[in-house]
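A.B. asks: okay, structure incoming, though there's no sequence with it:
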């Protein structure tokens with residue numbers, strides 16, 4: 001009998017993607033530089049965006065039908081079942 005290995009992190013990402021149905025894009029600018037990254041888990045997107053904001057970047061997250069979230073609105077993206 002073959003033993004099946006399950007990668008829980010991949011399973012969690014697939015669950016989050018189907019639950020939210022969106023990709024969250026982090027947009028950051030500072031001086032003449034810009035940075036764009038994509039995340040499927042909103043809590044991870046918020047954590048990365050907060051780090052960039054704390055480092056002096058102007059940041060917003062887009063997702064959920066194209067809506068843009070400013071740093072003061074990031075809490076709206078958090079899954080409060082996992083992060084208090």
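C.D. replies: Noted; the coordinates are in hand. The structure presented is a predicted model; accordingly, all values stated were derived computationally and were not measured.

A.B. asks: can we go C-alpha only for contacts and neighbour counts from here?
C.D. replies: Will do.

A.B. asks: which residues touch residue 23?
C.D. replies: 17, 38-41, 63-64 (CA atoms under 8 Å, 6 or more residues apart in numbering).

A.B. asks: most neighbours, which of the residues you listed?
C.D. replies: residue 41 (22 neighbours; other CA atoms under 10 Å).

A.B. asks: do you know the pLDDT at that residue?
C.D. replies: As predicted, residue 41 sits at a pLDDT of 92.

A.B. asks: tell me how far it lies from residue 33.
C.D. replies: For residue 41, the distance to residue 33 (CA to CA, to the nearest Å) stands at 25 Å.

A.B. asks: and residue 63, by the same measure?
C.D. replies: Residue 63 sits 22 Å away from residue 33, going by CA to CA.

A.B. asks: which residues of the chain fall in strands?
C.D. replies: Per DSSP state E, the chain has strands spanning 24-30, 33-39, 58-63, 67-69. These are given in chain order.

A.B. asks: residue 56 is in contact with residue 30, isn't it?
C.D. replies: Yes. At 7.2 Å, residue 56 and residue 30 qualify as touching, with contact defined as CA atoms under 8 Å.

A.B. asks: joint contacts of these two?
C.D. replies: What both residue 56 and residue 30 touch, as defined by CA under 8 Å, 6+ apart, is an empty set.

A.B. asks: residues near the nearest residue to residue 43 once chain neighbours are set aside, how many?
C.D. replies: Distances taken as CA to CA, 6 or more residues apart in numbering put residue 78 closest to residue 43, at 5.3 Å, once the chain neighbours are dropped. Per other CA under 10 Å, the neighbour tally for residue 78 reads 18.
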